[in-house]
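Novice: All I have is the shape, not the residue letters:
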C-alpha cells in the first residue's frame, strides 16, 4: 500500500512538491475514527511521546517531592527552543535534586530560535546541555532517578532504571512489545522504540480518556496533559507549532511534535488520540497534516475548525517578503 499525498507545496499556479503520509485517530476503546495510509506500519515516534516518558516522574511521587507545578511538568514533556527561560527552568528543576548542568547526558546544541542563538553568540556564550531541546525531559529523568535512590549516572542507557521504567509504561500504553529488536537511539541519546502508528494513537487516546488505565496512571496522564495545555510555551516555545495549536483552543487540544515528521495529539473532551507521520520526515508536512486533522475532528465547532484549517496552510515568502506559494493540506485532508 502506498501512502496518500496529504500535503502539497505550490509555486505560482503549480504544485511544486508533494508530501505523502499516514494519519490515524483512535478512541479510548481502540475504535478507529479516521485512518489514512499505512497506519499499522511501525514508526519511531521520537519526541512526540515525551508525555508518556514523563509518566513515571508523576506516578512515583517525584513531582510532589520536588514541588513541581504546571511549568515544570510542561517542560518535562517538551522539545523546547532553548530560550532563556527554558534553560533557567531546566536548571532549577535538577537543582531541587541537588544536581546541575554537568549531570545531564543529552549533549549540547545552540538554541533553535535564531535571535536567541545570535544573542548568545554575541554575548560570547556557548551552547550547554540546558539549551538542548530535550533538557526538560532529561531534567525529569534525573529527578526520577534521585527520587528512587538510584545512581543517576548512565540514566540514558537501555538497562538503567529510568529507561526500563519508561519502556514499561510505553509498552503498556501502546500494547506493543518493546525491546532491542525495535529500538534505536534518539537524538538526545535515550532509547527510542518503533511501534505501529495506530498503537501510538491508541496510547494517547487511553491517556486522554483514562480507558483501560489504573486510577493512578489515569490521574498522572491527565495531570501531565493539563499542565502542557496550561503552559504551552514551555512545551515548545515562541512561534512553535505545539504552542500555537494549544493556544488556539486552550484546554481542548494537547499536541506534541517529534522529529522526522511525526505529530501526536489528543482531544480530551472527545477521548481521541491522534498520531501521524509525514513519510519523508518533513516538519512542514507534519504541521499541515496535524492542523487539517484537528480541523476535521472539530467540525462540530465551525469557528475552531476554521481557525485550525487556516493555521494548517502556510504562506511561503522569499527573502524580499514576496509570497511565492503555499504549503497546504491535500487529498483526503484538503
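Specialist: Looks like it came in fine. Quick caveat, the model's predicted, so the values are computed rather than measured.
Novice: and the nearest residue to residue 211 once chain neighbours are set aside, what element?
Specialist: Leaving aside its chain neighbours, residue 211 sits nearest to residue 28 (3.0 Å; criterion: CB to CB, 6 or more residues apart in numbering). Every residue, glycine included, has its C-beta placed from N, CA and C. Assessed by DSSP states H and E, residue 28 sits outside every helix and strand.
Novice: chain center to stretch 311-326: distance?
Specialist: Its chain's average C-alpha position is 25 Å from that of stretch 311-326, according to CA atoms, centre = their mean, to the nearest Å.
Novice: For the stretch 101-250 of the chain, which segments are assigned as helices?
Specialist: Secondary structure of the stretch 101-250 of the chain by DSSP state H, counting those that start in this stretch: the helices cover 114-122, 135-147, 161-174, 197-209, 215-230, 241-248.
Novice: Could you identify the helix or strand that succeeds the last one?
Specialist: Same thing as helix 241-248. strand 254-258.
Novice: Just the mean pLDDT for that next one, thanks.
Specialist: Taken as a whole, strand 254-258 carries a mean pLDDT of 98.
Novice: How many neighbouring residues does residue 198 have?
Specialist: 23 (other CB atoms under 10 Å).
Novice: do you know how far the residue nearest to it when sequence neighbours are not counted is from residue 263?
Specialist: Computed as CB to CB, 6+ apart, the closest residue to residue 198 that is not its neighbour in sequence is residue 39, at 4.5 Å. Between residue 39 and residue 263 the computed distance is 14 Å (CB to CB, to the nearest Å).
Novice: For those two, work out which one has more neighbours and name it.
Specialist: Taking neighbours as other CB under 10 Å, residue 39 and residue 263 compare with residue 263 leading, 30 against 25.
Novice: Give me the contact list for stretch 228-244.
Specialist: 51, 70-71, 73-75, 77-83, 86, 89, 112-113, 136, 245-247, 250-257, 263, 287, 290, 311 (CB atoms under 8 Å, 6 or more residues apart in numbering).
Novice: Surely residue 257 touches residue 263?
Specialist: Yes - the criterion here is CB atoms under 8 Å, and residue 257 meets it with residue 263 at 5.3 Å.
Novice: which of the contacts of stretch 228-244 are buried?
Specialist: In these, burial by neighbour count holds for 51, 70-71, 73-75, 77-83, 86, 89, 112-113, 136, 245-246, 252-257, 263, 287, 290, 311, counting by 16 or more other CB atoms under 10 Å.
Novice: Show me those that map onto strands.
Specialist: Among the buried ones among the contacts of stretch 228-244, the residues falling in strands (DSSP state E) are 254-257, 263.
Novice: Distance to residue 222 added to these, as TSV?
Specialist: Listed next are these as TSV, based on distance: CB to CB, whole Å:
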residue	distance to residue 222
254	10
255	16
256	15
257	21
263	21
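Novice: Of those, just say which sits nearest to residue 160.
Specialist: residue 256 (23.6 Å; CB to CB).
Novice: Tell me how far that closest one lies from residue 263.
Specialist: 7 Å.
Novice: okay, and the common contacts of the two?
Specialist: residue 48.
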